[in-house]
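J.: just to be clear, the model below is a prediction. Sequence and coordinates:
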Amino acid sequence: MGWRQRIEQAYRFEAALEVIRGTGGTVLDVGCGVGALFDYARLSGIHASFVGIEPYEPLARRARTRHTVLGGRFEDVPSPVGVGCAVAIGTLAGSSSRIVDLVAFMSRAPALCLIVLDRDAVAARPAFAEHHATAVGAEELEALRADLGPHARVVRISPTDLALVRTPQSSPSMCDVPTRFARTVQGPWGLNESPECKAWLACELGLHDEAQAWLAQIDHSSDFVALVRARFDRLQTDSSAIAGAAD
């Protein structure tokens, strides 16, 4: 799903945890891979019961060493009993009809969080071209939200990511981007990440001051550091252009 750094995955996990916290019952991850979300949640102090669905058997087999994971596609798996929150990060889709089926499957749970790449944002970024087929338009998510009741929202969690979220009692309260970034870099994975990875994430999120602060801590050179600094330079240029347009 456009992940180039592990810390970007952690950022999306932090967004999912905002919905998972406070919901009872089992957490279901549709397309759980090796179960990284479950590991991250437990390191973050969430001790719910977790069940995953993973169609790719080598990944499912690895996840089963630590978690309960059902093999196969979500269309072919009965929804586990007692699910309080359903999560999917990435659409698992190749068509508009499949995203509709995925949301219908997830909506059996009282709470849900679907995180996808925004099709318009992907189209504007050549580096994300390979993900265009699985990206979703904001208008599609809005149409799906309308069928999920009054407590569902579509939230932009980053310049490239949208989340369709629902909680049982009220509209989900989601953090702003700077707060989620701070939680990510101070979280169970972020604490062990290098300053250049944290600067990279800040650049990807459009957080100029945070990126600058982490870049100031880098005192060596590498190809990746050069890439991060180039990304920061583009961020500065973009910020200046936006400011000039506003004036």
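T.: Great, that's in hand.

J.: ranking helices and strands of the protein by mean pLDDT, which lands last?
T.: The least trusted helix or strand in the chain, going by mean pLDDT, DSSP states H and E, turns out to be helix 223-246, with a mean of 72.

J.: so who does R156 touch?
T.: Contacts for R156 were tallied using C-beta atoms under 8 Å, 6 or more residues apart in numbering; they are D118, L162, A163. For glycine as for every other residue, the C-beta is placed from the backbone atoms N, C-alpha and C.

J.: dihedrals phi and psi, it?
T.: The phi and psi values for R156, taken as degrees, to the nearest 10, are phi -80, psi 120.

J.: can you map out the helices along the chain?
T.: With DSSP state H, the ranges of helices along the chain come out as 6-20, 36-43, 57-63, 96-106, 119-123, 138-145, 177-185, 195-204, 208-215, 223-246.

J.: tell me the contacts of D39?
T.: By C-beta under 8 Å, 6+ apart, the residues touching D39 are R66.

J.: if we use 10 Å, what do you get?
T.: F13, F50, A63, R66, H67, P188, W189 (C-beta atoms under 10 Å, 6 or more residues apart in numbering).

J.: equivalent analysis for L114, please.
T.: 16, 19, 30, 86-92, 99, 102-103, 106-107, 136, 141, 144, 154, 162-166.

J.: what do you get for R12?
T.: 1-3, 37, 40, 89-90, 113, 115, 157-158, 161, 163, 180, 184.

J.: local confidence estimate at it?
T.: Predicted confidence (pLDDT) for R12: 96.

J.: before we move on, what about G45?
T.: At G45, pLDDT is 94.

J.: quick check: T26 vs W214, distance?
T.: Separation of T26 from W214 (C-beta to C-beta, to the nearest Å): 37 Å.

J.: the two: which is more packed in?
T.: Using other C-beta atoms under 10 Å as the criterion, T26 and W214 rank with W214 on top: 24 against 18.

J.: about what we covered before: turn the buried ones among the contacts of D39 into a named PyMOL selection, would you?
T.: Entered in PyMOL, the line below selects the buried ones among the contacts of D39, by 16 or more other C-beta atoms under 10 Å:
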select buried, resi 13+50+63+67+188+189
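
J.: I appreciate the help and will end here.
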